[in-house]
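Participant: my questions are about this predicted structure, shown below with the sequence.
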Amino acid sequence: MKKHIEKLYGIAGKKSRRIVGLMSGTSLDGLDVALCNIENSGTDTILKMENFVTVPYSDDFRNEIRKIFAKREIDFQQLCLLNPYIGSEHGKIILDCLKQWNIAPEEIDLIASHGQTVFHAPKKQHGQSLFPDSTLQIGDGDHIAVKTGIITLSDFRQKHIAAGGEGAPLAVYGDHFLFSKKGENRILLNMGGIANFTFLPGNQDTAAVFTSDTGPGNTLIDAYTRRFFHKPFDENGEIAAKGKVNAPLLEALKLFPFFKQPFPKTTGPEIFNFDYVEAAIQKAKLTSLSRQDIIATLTRLSADTITDAIKSVMSQNDSYTVYASGGGAHNPLLMQAIQEELNAPAKLIDELGVPGDAKEAVLFAVLANEAIAGDQSHFGEKEGVPGISMGKISLPA
Ligand SMILES: Nc1ncnc2c1ncn2[C@@H]1O[C@H](COP(=O)(O)OP(=O)(O)OP(=O)(O)O)[C@@H](O)[C@H]1O
Ligand SMILES: CC(=O)N[C@H]1[C@@H]2OC[C@@H](O2)[C@@H](O)[C@@H]1O[C@H](C)C(=O)O
């Protein structure tokens with residue numbers, strides 16, 4: 001509709017935009033909502049985060065998603081129902097947040113909605129030559145736009161695949177725009193359900209910017225803690241601290257082909273789930289291992305595979321600083337193991353002005369800002385970072 005296109009054009013030309021970034025990740029803990037004020041674009045981006053909250057999902061909501069989440073066989077109707085349902089629930093959550101913050105929806109320029117990933121199948125994982133890399137996020141943007149009356153960008157990952165990526169990690173773009181620093185090699189490490197990192201070279205050569213998933217962050221620890229300790233996660237690594245790392249189990253867990261594939265690569269809970277751990281336990285004939293030892297070993301698996309990934313792309317002589325974000329940054333055992341193994345300072349991204357729990361939601365706001373007000377960016381020919389805009393536009397009427 002012409003009036004919305006004109007409005008969008010006006011938003012593109014503004015000095016700064018108020019964008020609500022939304023992220024609901026693989027941990028299914030809740031919806032991260034970050035209200036951002038973003039000036040300029042690309043490497044000139046100036047971000048002010050005005051507000052942030054994680055709105056926890058109810059058990060019922062989470063259970064509805066779990067019925068299909070990362071499963072190869074599902075009730076197709078459930079998938080169909082969830083697509084508008086998640087969109088409209090996310091829309092409601094935004095309206096509630098704005099109300100609490102005393103902000104009228106008319107004061108917001110854009111919503112940037114990641115949606116809920118329900119299945120991720122990169123070609124290296126599905127192995128079927130006929131089909132491309134593939135990923136599916138639901139919670140349709142039209143429902144958010146109509147419910148809130150705010151122009152909404154969503155479904156960011158398909159363009160990445162169309163342009164030769166695996167649909168993830170997308171954090172790399174915002175990481176580069178917001179956190180590149182001349183003179184300091186930076187590793188931005190996000191430990192959510194799945195862990196990933198961005199390398200930002202201190203010489204600011206965009207062709208050297210690099211990103212990849214590394215494997216499990218918290219997803220396996222969560223799955224085991226849920227099943228055997230009836231808690232959503234191992235708070236502050238307290239269960240793991242009571243156990244001992246079991247070397248044969250650690251070895252069996254590392255045998256999975258994903259860890260042998262070259263970087264960059266991506267993955268998800270389709271692979272890294274409870275059954276994966278059970279299979280390794282059976283294989284290593286360790287069925288009497290204590291549950292604390294298992295969680296200690298899973299924590300070490302995350303730390304080891306993260307540090308192996310970082311070491312494999314950094315030259316031995318390079319010095320760098322790690323800036324951690326995501327829920328795993330709250331786990332002292334993970335943080336300590338990473339710092340010791342890398343022999344590099346491991347700080348929190350909060351030191352760079354963005355709270356670690358808010359970072360991914362902020363980065364989707366930055367991606368929306370780029371799509372509407374940015375210029376083409378270039379990251380060289382390296383796999384995984386095509387120079388494209390992302391996000392589909394939903395108009396409110
Ligand atoms: N205090 C804490 N101690 C240990 N772990 C924690 C703590 N707080 C959060 N976590 C972990 O962080 C997880 C949530 O992290 P986060 O919200 O970054 O993941 P996500 O965004 O859903 O995942 P992804 O980035 O893979 O999409 C929790 O499930 C839990 O495992
Ligand atoms: C398909 C998908 O949703 N992947 C997520 C997931 O969670 C972490 C890791 O795996 C990362 O690749 C990605 O999310 C972040 C936000 C990204 O794209 O950078």
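Facilitator: That came through, no problem. Numbering: from 1, shown residues only. Ligands and ions are numbered 1, 2, ... in the order given.
Participant: in what helix or strand does the closest residue to ligand 2 within the stretch 1-150 of the chain lie?
Facilitator: At 3.5 Å from ligand 2, residue 117 is the closest residue in the stretch 1-150 of the chain, using C-beta to the nearest ligand atom. For every residue, glycine as well, the C-beta is placed using N, CA and C. Counting by DSSP states H and E, the element that carries residue 117 is strand 110-121.
Participant: how far is that strand from where the chain is centred?
Facilitator: 10 Å (C-alpha atoms, centre = their mean, to the nearest Å).
Participant: again with stretch 314-333
Facilitator: 16 Å.
Participant: is any part of that stretch close to ligand 2?
Facilitator: No. Stretch 314-333 lies apart from ligand 2 when judged by C-beta under 6 Å from any ligand atom; the minimum separation is 7.8 Å.
Participant: ends of that stretch, how far apart?
Facilitator: Criterion C-alpha to C-alpha, to the nearest Å; first-to-last residue distance in stretch 314-333 is 23 Å.
Participant: C-terminal to the strand holding residue 117, what's the next element?
Facilitator: Sequence order places helix 123-126 as the next helix or strand after strand 110-121, per DSSP H and E.
Participant: picking that back up, who are the packing partners of the strand holding residue 117?
Facilitator: Applying 3 or more C-beta pairs under 8 Å, 6 or more residues apart in numbering; DSSP states H and E, we find strand 110-121 packed against strand 16-24, helix 76-100, strand 134-138, helix 141-148, strand 152-154, helix 359-373.
Participant: name the nearest residue to the residue of the stretch 1-150 of the chain closest to ligand 2, sequence neighbours excluded.
Facilitator: Excluding the flanking residues, the one nearest residue 117 by C-beta to C-beta, 6 or more residues apart in numbering is residue 137, at 5.2 Å.
Participant: all strands of the stretch 201-350 of the chain, in order?
Facilitator: Under the criterion DSSP state E, counting those that start in this stretch, the stretch 201-350 of the chain contains strands at 210-216, 321-325, 346-348.
Participant: residue 385: how many residues sit nearby?
Facilitator: Other residues lying near residue 385 total 27 when counted by other C-beta atoms under 10 Å.
Participant: remind me which helix or strand it belongs to.
Facilitator: Residue 385 belongs to no helix or strand, assigned by DSSP H and E.
Participant: is it correct that residue 347 is in contact with residue 321?
Facilitator: Yes. Contact criterion C-beta atoms under 8 Å: residue 347 and residue 321 qualify, at 6.4 Å.
Participant: so is stretch 170-188 next to ligand 2?
Facilitator: Yes. Looking at stretch 170-188 against ligand 2 by C-beta under 6 Å from any ligand atom, the contacts come from 170-171.
Participant: got phi/psi on residue 194?
Facilitator: With angles defined as degrees, to the nearest 10, residue 194 sits at phi -110, psi 150.
Participant: contacts only, for it.
Facilitator: Residue 194 makes contacts with 26, 213, 215-217, 219, 267-269, 272, as judged by C-beta atoms under 8 Å, 6 or more residues apart in numbering.
Participant: also within reach of ligand 2: list those from those.
Facilitator: Answer for these near ligand 2 (C-beta under 6 Å from any ligand atom): 26, 213, 268.
Participant: neighbours around the closest residue to residue 236 other than its chain neighbours, how many?
Facilitator: Counting by C-beta to C-beta, 6+ apart, residue 236 lies nearest to residue 332, which is 6.1 Å off, once chain neighbours are set aside. Residues near residue 332, counting by other C-beta under 10 Å, number 13.
Participant: alright, calling it a day.
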